[in-house]
Structures are given as C-alpha cells and as structure tokens.
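Colleague: heads up, no residue letters with this:
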C-alpha cells in the first residue's frame with residue numbers, strides 16, 4: 001500500500017516524465033517526418049500512406065524516446081524539489097533515502113517493462129508493418145492518386161490517365177484513357193494517346209517497377225512537328241509507371257526481424273540487434289539509478305547546471321553502447337560482455353554515489 005508521500009512523489013515524477021516525453025515526441029516526430037517526406041519525394045513512399053508510415057516509425061522510436069524521457073523527466077522533477085527545499089524539509093522530518101527510493105523504483109520498473117515490451121516486440125512489429133504498408137501501397141494505383149471518374153496526372157511521366165471504374169484494391173481498371181508526352185526514335189516530340197476496355201496493374205517480382213497492362217484498345221502516336229499520325233489496334237499494351245526508388249540503404253533486416261528469429265541465427269548483425277534490444281530496458285534501470293545522485297542540488301545552485309552534466313553523462317553512456325554494438329556488427333567483438341559490463345559499472349558507481357550522499361559523515365576530531 002502506497003503512503004501519501006509515495007503517491008505525491010509518483011505524481012510529481014509522472015508529470016515530469018510525461019511533459020518531457022511530449023517535448024521529445026515533438027522533436028523526434030519532426031525528424032521522422034522530414035525523413036518520410038524525403039522518401040515521398042524520391043518515390044519510395046506513396047503520399048497516401050505517409051502519415052501511417054510516420055505513426056509506425058514513431059512507435060519504433062519509443063524504445064529510444066522512453067528511456068530518455070524517464071531519465072530527464074525524473075531528473076527535472078527531483079531537481080525542482082531540491083531547489084524548492086522540499087527534499088530538505090522531508091529529510092528533516094525523518095524521511096530517509098528509502099522514502100525516495102520506493103517511488104523512483106516503482107516508476108523505474110514500470111518504465112523498464114514498457115521499454116522492454118516496445119524494444120523486444122512492438123518496435124520490430126511496427127517496422128515490419130511499415131514495410132508491408134509501403135509495399136502494398138506501391139502495388140496499387142490508388143496510392144498514386146488515381147480515382148475513378150477523374151483525370152489524374154501520372155507521377156513522373158508527364159501525362160494524364162482517366163478510368164471510369166476502379167477496383168477496391170486499385171489493381172483492376174475499367175475503361176481507360178491515357179495520354180503521355182514522349183519523343184520518337186529521332187528525338188522529335190509527340191503525344192501518345194491510348195484507350196482500352198480494361199486494364200490491370202502489376203509489379204515485377206523484384207518489386208521495383210510497376211506496369212499497367214491495358215487490353216483491347218487503340219494507340220495513337222501524334223507528332224507535334226508533322227502530320228504523319230500512327231494508329232495501332234492492340235490486344236494487350238503494357239505501359240511502365242514511375243519506378244519505385246531503391247531504398248535498400250535504409251532497410252535493416254535484423255531490425256525488422258522478430259526477437260525469436262534473431263536467436264535462431266546469431267550472425268554479427270543479429271547479435272548486435274539483440275544486444276541493442278535487451279540493452280534498452282536495462283539502460284532504463286541504469287539511467288533511473290543515475291538520476292538519484294545527479295538530481296541532488298542546493299537551492300542556490302544553477303537551475304540547469306546539473307541538467308547539462310546529466311545530459312552529457314547520458315550521451316556518453318549511449319555513445320559507448322553504440323560503439324560496442326558497432327564493433328559487434330563488424331565482427332571485431334564476438335561477445336556482448338563489454339556492454340553488460342558497462343551497464344554494471346555505471347549502475348554500481350551511481351548506487352555508490354547515492355549511498356555516499358545519504359550516509360552521515362563523521363565529524364572531524366570526533367572519537
């Protein structure tokens with residue numbers, strides 16, 4: 001059963017963590033939105049699924065955002081209580097270190113469980129789902145903005161298309177009219193006009209190119225510098241649509257794999273990804289332990305002095321983890337022991353410093 005003091009601490013810490021999470025969410029969302037817009041511009045993501053992909057990417061980023069939010073939010077909340085002398089009043093009333101440890105531990109365990117859930121399961125699932133959404137959108141002409149009964153500009157083709165009916169998945173077309181600008185073999189400009197009774201959209205096996213297969217219609221080639229028109233009747237006419245940009249540099253199969261699949265094949269890439277996933281919840285516990293000694297300050301101390309030191313310590317802690325993970329992926333390290341040793345050292349130093357702060361010091365000269 002939580003005491004009144006425990007509930008007060010939890011409420012203040014939760015408010016601090018929530019406010020920090022909202023600010024960081026806006027910052028992370030801005031960066032993710034810029035990345036998604038860039039992919040929309042180069043054609044690897046269709047505009048119609050842009051916000052869906054953005055939401056899934058934000059879910060994947062929670063494993064990075066939540067530990068930082070818990071660390072900074074708790075640091076700010078406790079720092080405010082120290083500056084306003086609340087902690088000193090509580091200490092003079094008999095509240096010892098355990099009185100502060102209980103609510104912080106409860107918050108740390110809750111944050112660790114949430115981060116572990118996101119890191120080990122929800123994040124990879126969101127990443128896989130985002131790729132599936134993009135692949136499904138690239139297979140549908142609806143994602144390119146095509147709508148039945150309306151003239152639509154072809155993406156990157158300098159032409160227009162009109163269909164009278166369209167299937168729900170956007171792959172089967174009714175009566176179709178298509179007009180595009182092109183050049184002939186001699187480099188002279190011409191307009192190509194195509195009509196068809198029906199059509200179908202399909203994609204190559206490698207998923208990189210999309211085509212419209214038009215059936216039972218006529219094709220007209222009209223030169224803009226002459227009068228030698230050409231007319232051709234066809235049974236099937238395949239027309240290339242805009243290519244899907246190759247985005248292999250941004251894909252990470254290990255990150256998209258499930259945790260159980262990573263255990264089945266412990267390649268350097270998979271081992272590095274596993275270490276990263278398990279390190280996220282462990283880092284949350286370590287960071288919450290670091291908060292306890294780093295938040296202590298006198299009322300006259302600079303408002304953001306400890307915060308700057310804490311942010312620097314956080315980044316050093318994260319950078320060392322990233323360096324160790326990179327060495328594992330490159331094959332220079334064949335074990336994850338250095339990362340777990342880093343967690344243990346940082347946690348032990350923070351716990352020792354917190355114990356030292358709250359231990360009564362012996363007066364010099366006392367027997």
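Modeller: Looks like it arrived, so ask away. Quantities reported herein were computed from a predicted structural model and do not represent experimental measurements.
Colleague: could you list every helix and strand in contact with the longest helix anywhere in the chain?
Modeller: As assigned by DSSP state H, the longest helix anywhere in the chain is helix 4-41. Other elements packing on helix 4-41 under the criterion 3 or more CB pairs under 8 Å, 6 or more residues apart in numbering; DSSP states H and E are helix 50-83, helix 97-117. Using the backbone N, CA and C atoms, a C-beta is placed for each residue, glycine as well.
Colleague: buried set for it?
Modeller: The neighbour-count check on helix 4-41 (16 or more other CB atoms under 10 Å) flags 9-10, 12-14, 16-17, 20-21, 24, 28-29, 32, 36, 39-40 as buried.
Colleague: then stretch 173-191?
Modeller: Quick answer for stretch 173-191 (16+ other CB under 10 Å): 173, 176, 178, 179, 180, 190.
Colleague: chain center to it, what's the gap?
Modeller: 41 Å (CA atoms, centre = their mean, to the nearest Å).
Colleague: again with stretch 25-32
Modeller: 9 Å.
Colleague: what sits up against it?
Modeller: 54, 57, 58, 61, 64, 65 (CB atoms under 8 Å, 6 or more residues apart in numbering).
Colleague: widest-spaced pair of those residues?
Modeller: 54 and 64 (15.8 Å; CB to CB).
Colleague: right, and the helix or strand after the host helix or strand of residue 281?
Modeller: Counting by DSSP states H and E, the element that carries residue 281 is helix 268-294. Going down the chain from helix 268-294, the next helix or strand is helix 305-329, by DSSP H and E.
Colleague: pLDDT averaged over that following helix - what is it?
Modeller: Helix 305-329 shows a mean pLDDT of 87.
Colleague: C-terminal to it, what's the next element?
Modeller: According to DSSP H and E, the helix or strand after helix 305-329 is helix 337-357.
Colleague: and the angle from that next one to helix 305-329?
Modeller: 160 degrees (axes from the mean of the first three to the mean of the last three CA atoms, to 10 degrees).
Colleague: okay, now residue 304: neighbour count?
Modeller: 12 (other CB atoms under 10 Å).
Colleague: with residue 192 instead?
Modeller: By other CB under 10 Å, the burial measure for residue 192, its neighbour count, is 17.
Colleague: which strand or helix spans it?
Modeller: Per DSSP H and E: strand 189-203 holds residue 192.
Colleague: just checking, what packs against that strand?
Modeller: Against strand 189-203 (3+ CB pairs under 8 Å, 6+ apart) you get strand 172-173, strand 176-183, strand 210-223, strand 230-240.
Colleague: tell me the most buried of the ones you listed?
Modeller: A comparison of the helices and strands packed on strand 189-203 by mean neighbour count, using mean count of other CB atoms under 10 Å, puts strand 172-173 on top with a mean of 20.
Colleague: which stretch among the helices and strands packed on helix 4-41 comes nearest residue 316?
Modeller: helix 50-83 (13.1 Å).
Colleague: residue 351 versus the most centrally placed residue in the chain, what's the distance?
Modeller: Central residue of the chain (CA atoms, centre = their mean): residue 57, 3.3 Å from the mean position. As judged by CB to CB, to the nearest Å, residue 57 and residue 351 stand 36 Å apart.
Colleague: ok, now residue 189?
Modeller: From residue 189 to residue 351 the distance is 76 Å (CB to CB).
Colleague: likewise residue 79?
Modeller: The spacing between residue 79 and residue 351, counted by CB to CB, is 19 Å.
Colleague: picking up where we left off before, let's have the helices and strands packed on strand 189-203 in a markdown table, adding mean pLDDT.
Modeller: Converted to a markdown table, those look like this (pLDDT from 0 to 100):
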| stretch | mean pLDDT |
| --- | --- |
| strand 172-173 | 86 |
| strand 176-183 | 85 |
| strand 210-223 | 88 |
| strand 230-240 | 88 |
